[in-house]
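> From the sequence below, what's the structure:
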Amino acid sequence: MNNKPFFVLALMLMGQVVCAQPRVLMAANADHAPKIDGKLDDRVWEDAPVATDFIVSYPTFGGKAAQKTEVKILFGADAVYVGAMLYDDPKLVRRQITARDDEQQNDADYFSVFFDTYNDKQNGFQFLVTSSNVQSDARLGANLSFGFGGYGDKTWDAVWESKVDFTEDGWSVEMKIPYFSLRFSKKEVQDWGLQLQRSVRRSNETSTWSPVDPDVNGFVNQFGLLQGITDLEPPLRLSFSPYLSTGYQSVPEKEGYLNRWLHSGGLDLKYGINESFTLDATLIPDFGQVVSDNLVNNLTPFEIQFQENRPFFTEGTELFNKAGLFYSRRVGATPEGYYRVHEIVSDNPDLEIKKNPSLTQLYNAIKVSGRTKKNLGIGVFNAVTAPMHAVVRNKVTGKDSSISTEPLANYNILVLDQSLRGQSYVTFTNTNVMRNRQSRNANVSALDVALFDKGNNHQFTGKVRYSTIWGAQKYDGFNTSLKYAKVSGKWQYHAMQSMISESYDPNDLGLLFNPNEVNYQVSVSFHENSPTKHFLTYFYSLESTLEYLYKPYAYNKLEIEASSMLIFHNFWDMFLMASVSPGWSHDYFELRTPNRYLAYPQKLMGSISGSTDSRKKLYVNYGITLAEAPKYKSNYHSLDLGLRYRFGNRFKLELQATSEKESNQLGYAFVRNTDGSPIVAFRDNLSFSTVLSGIYNFTPRLNLTLRTRHYWNKVNYKKFFDVDTEGKLIDRLFVPGLDQNINIFNTDVFLTWDFRLGSRLIIAYKNWLGDGEQVILNPGQKNTYLYNFGKQFGLRHGNEVSARFIYFLDYNQFKRTKR
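Numbering: from 1, shown residues only. Now for the predicted structure:
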């Protein structure tokens, strides 16, 4: 009898059992701190346990990594040390220098370590070093979505040290991660979740020490273990980052320019309340050196959501937004009365504005966050903004008048987040905004529950929110949702129902576009993560959403959408989408009138987008969308085209262009009849924007970045209508003078030098087209993008030059120096 098949089967079964168990690396203590030079030749590394035998996670899961990797981890008196030897032909290692946190889709190999310091399989820290010694770091959390190749919140920047070195056998990395950059429990013996990752750019192979199955939901829950960590003593975590900034600003006004010197100073402070909780505070912050917003001409009934670029509000805020109730741009936003001042002055030629701040001054802000030994996450946020005033001068009398544009305000958030077994959790969130005088105040409370089955295949989530507004106004409302989903495996699906009452309002500190809705949604998708004849991976999805108005309970619309994501063997990707809204849809928001809706006919839409292999010097991304509403002969098309060229390991340029045009767009015309009823119109809406961005990296810690954007929007009104009670159109007389020709221009240039750990010098230049500046068309001139782009340079622009100096001071450094 041939026993060979039984022997092979037994080995396979044993392999499956072994793979099912988490991988383990034993912790080792360092009797002295190794020199961080990337060489791994310090004797302290010699006897440390080795983590090796990495498993491919992408592009083909489960195979042995093509290149050997060996990693050692040591615990010292004040830091954890990571040493990695990455075997390879050093001539083949990709070494592009990038900005911090920007290694993805660029031409650089990298090594990364992940710590789940509470071993709760939901939260953690990432520290990454590229082959050019560029650092990247992130906070991991259960509610954080992943970008391409990312695993968490990369806006979090820790203070840590790294060096790389090249030998004939490959390249090596040494990291020193101070304990003050981590959070962990104070226990005599503890285990951490551990993951090690390597990316080889030339082959696009990513491998991990602990296997990460793409068919299994979650990432942190697939970590291995770092066991036997003993007598780890959390240090006193106290650091200061004082800053000074100065500059000069010239802003176009109604008559002439407003010129002023800029000067500011303040302090960022971090204090470890205990081993697990940290207080972050910023006193008199200055957020002038941030990238300009992508402003647009907004014709929709909803506000535009802008990206947060202020460091204090991006770093370590993942816990505060777990319920989705924290839109940090509310804090320090444009004063509510800012535009009212401009209206007052425009209506009276005898008045001029002497001062009208466009941003609310932030007095101070604090964050307290951490997690207990029993995995209870606690977060407290508070910010106080100053009362703002505009100064208007009467040019006849010379008298100045002060106009209040924003009252003193206090913003608060409390979060209690209990991690449960697996990826399950229960979270309570409360947001509160209190304003001075008889102004509007707000409070929102939320409860979020996510439960996973033991096999991590099925998920149940429930959400409840309750909002209260009082003061100048008084009302309350609620928001609830229930969702069941299969989240692992090739076949996945979900069913969800959500309900938002007509008076639910979290917008004092959060962001909700459209209340008063009831949604029903179902979807099914198929995910193939193993290579096939034509694709590396792909998925297909079918989703249906039915929307009703909550009060009165009335039909809104039905939308059915099919989509597919394809990744080819040459690492090109393509996303396909087609949707239909059958029958008539009822839009209860477009008319900006309670209990009135605008009826839209059946709409068909399709899109295709994708990108080429990002390893190449020339990288292209594209997107095409087509939509049509045949009943109204309304046609929409958009084209996105991006070109990125890498001139070498230090310099790259990128041009992104977007064109959108909708013919016979039906919408509110921003005028009303004498009885207050809304007027709508067909209009041709054309917009075009270009963004040119680039970076030159002098060193891994010194770079020059450029970003310039021009946006043009042309709106031509064609025919006007009244709207009957059924949302249908009634012909009416033409309303002249509503056409628009909008130009927005910004340039941001930053020279950034991280001259020592945690310390930075930034020199910035900003240029922007002044408010109210308009391109005037000559008689017979065709209104095109290129004409507007050229003419806007002849208009008045604002200019600002500034410098900011930040110096990091660590109490433990002072303590060691004193010794």
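> Can you tell me the centre-most residue of the protein?
When Cα atoms, centre = their mean is applied to the chain, the residue found nearest the centroid is Q307 (6.8 Å).
> Would you agree it falls within a helix?
No - read with DSSP: H, G, I helix; E, B strand; the rest coil, Q307 is coil and lies in no helix.
> and stretch 127-147, C-alpha only, in CSV?
Written as CSV, here are the backbone C-alpha positions of stretch 127-147 (Å, rounded to 0.1, in the frame of the first residue of the first chain):
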residue,chain,number,x,y,z
PHE,A,127,5.8,52.8,12.3
LEU,A,128,7.2,52.6,8.8
VAL,A,129,10.6,53.4,7.3
THR,A,130,11.3,53.5,3.5
SER,A,131,14.6,52.5,1.9
SER,A,132,15.5,56.3,1.9
ASN,A,133,14.8,56.6,5.6
VAL,A,134,11.5,58.5,5.1
GLN,A,135,9.2,57.9,8.1
SER,A,136,5.5,57.2,8.1
ASP,A,137,3.3,56.5,11.1
ALA,A,138,-0.4,55.9,11.8
ARG,A,139,-3.0,55.2,14.5
LEU,A,140,-5.1,52.1,13.9
GLY,A,141,-8.7,51.9,15.0
ALA,A,142,-11.9,49.9,14.4
ASN,A,143,-13.7,52.8,12.7
LEU,A,144,-10.9,53.9,10.4
SER,A,145,-11.1,53.3,6.7
PHE,A,146,-8.0,52.2,4.8
GLY,A,147,-6.7,54.0,1.7
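> average pLDDT for it?
For stretch 127-147, mean pLDDT is 85.
> Then stretch 589-605?
93.
> Would you mark the buried spots in that stretch?
Using 16 or more other Cβ atoms under 10 Å as the test for burial, stretch 589-605 gives 589-591, 593, 596-600, 603, 605. In short, each C-beta sits where N, CA and C put it, glycine included.
> Farthest-apart pair in the residues you listed, please.
Across the buried residues of stretch 589-605, the longest distance by Cβ to Cβ is 26.7 Å; it joins T593 and M605.
> Tell me, how many residues neighbour the residue lying closest to P235 once chain neighbours are set aside?
Using Cβ to Cβ, 6 or more residues apart in numbering and skipping residues adjacent in sequence, the residue nearest P235 is Y179, 5.1 Å away. A count of nearby residues for Y179, using other Cβ atoms under 10 Å, gives 21.
> wait, Y179 sits on A79?
Yes - using Cβ atoms under 8 Å, Y179 is in contact with A79, at 6.1 Å.
> Output the below-cut-off pLDDT ranges for this protein.
Applying pLDDT under 70 to the chain flags residues 1-20, 143-148, 288-289, 814-819.
> How far off centre is stretch 59-71?
30 Å (Cα atoms, centre = their mean, to the nearest Å).
> so I344 is in which element?
helix 338-346 (DSSP states H and E).
> okay, and the common contacts of Y179 and A79?
By Cβ atoms under 8 Å, 6 or more residues apart in numbering, Y179 and A79 have no common neighbours.
> how much space between P349 and K91?
72 Å (Cβ to Cβ, to the nearest Å).
> of the two, who's got more company?
Using other Cβ under 10 Å, the more surrounded residue of P349 and K91 is P349, with 10 against 7.
> Next, the contact list for the nearest residue to A33 once chain neighbours are set aside, please.
Of all residues not flanking A33 in the chain, G76 sits nearest, at 5.1 Å (Cβ to Cβ, 6+ apart). The neighbours of G76, taking Cβ under 8 Å, 6+ apart as the test, are 29-30, 32-33.
> what does L757 give?
159-161, 808 are the contacts of L757 under Cβ under 8 Å, 6+ apart.
> Just the buried residues of those residues.
Buried members of those, scored by 16+ other Cβ under 10 Å, are 159-160, 808.
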